[in-house]
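1. have a look at this prediction, sequence included:
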Amino acid sequence: MAYEFDLGELEGPLADQTDGNAWVVEFILGFDADTDELNVMSVLLFETDENNKLELCFGIRTKSGPELDVVSLPDYSKEKTDFCIPKDNRMEVTIRLREAIELLISDADPEYIIMQTFYPNLEPKALRKYDAVEDTLSTSGYLPQDSWREPDGINYWLFKKQG
């Protein structure tokens, strides 16, 4: 038996020290019986050098080991996404991603949120998920303050909490 997609419920927010100080909300994407690995979408808010600003990112991590306590760093690759999320389930995952972001930011309550693409020079189609994230942040009271593309092709967005 190979990989099986099985979208799970939200878990968290929890403290996460896998890659520095962060808060995380996760949901299961599926299980790979061949490798005994659980694949989860991790939505994280990382501390930055500025006290009032947190960085939002989301990526797929694998959990393995007898207690599923061996956790990978987030994988942002298209290849991992294609493996873990069938095309017919992408909208369902986007909806769950938006729910995870809402839960995470309501708990962490940062003044500013910054977000960036992992890959440079993304096509408009690849940026659609960031439009959904921006919409989620806006409806949660975080309005865009700035967005730009660096010379290296990485896109950035800065949001500020209103009110």
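-> Yes, it's here. Numbers count the residues shown, from 1 in each chain.

2. A126: what secondary structure?
-> Of the three states, A126 takes helix according to DSSP: H, G, I helix; E, B strand; the rest coil.

3. give the contact list for it.
-> A126 is in contact with Y119, counting by Cβ atoms under 8 Å, 6 or more residues apart in numbering. No exception for glycine: its C-beta is placed from N, CA and C like everyone else's.

4. next one: it from V133, what distance?
-> According to Cβ to Cβ, to the nearest Å, A126 and V133 sit 13 Å apart.

5. show me the helices in the protein, by range?
-> Applying DSSP state H to the chain gives helices spanning 78-84, 90-108, 124-139.

6. contacting residues around the residue nearest to the spatial centre of the chain?
-> In the chain, the centroid-proximal residue (Cα atoms, centre = their mean) is F58; its distance is 1.5 Å. Shown in contact with F58 (Cβ under 8 Å, 6+ apart): M41, S42, V43, L44, P74, L97, A100, I101, V133.

7. for burial, what's the neighbour tally of the fifth one?
-> Other residues near P74 come to 21 when the count uses other Cβ atoms under 10 Å.

8. give me the nearest residue to it, chain neighbours excluded.
-> Nearest non-adjacent residue to P74, counting by Cβ to Cβ, 6 or more residues apart in numbering: G59, 2.9 Å away.

9. that neighbour against S72, yeah?
-> No. Under the criterion of Cβ atoms under 8 Å, G59 is not in contact with S72, lying 9.4 Å apart.

10. related to what we said a few turns ago, which of the contacts of F58 has the largest number of neighbours?
-> V43 (30 neighbours).

11. any idea how far T35 is from that residue?
-> As judged by Cβ to Cβ, V43 and T35 stand 23 Å apart.

12. could you do I95 as well?
-> I95 is 27 Å from T35, where distance means Cβ to Cβ.

13. contacts for stretch 63-70?
-> By Cβ under 8 Å, 6+ apart, stretch 63-70 touches T35, D36, E37, L38, N39, V40, V71, S72.

14. for this structure, what spans make up the strands?
-> Along the chain, the stretches classed as strands by DSSP state E are 3-5, 11-16, 22-32, 37-47, 53-64, 70-71, 112-116, 142-149, 155-161.
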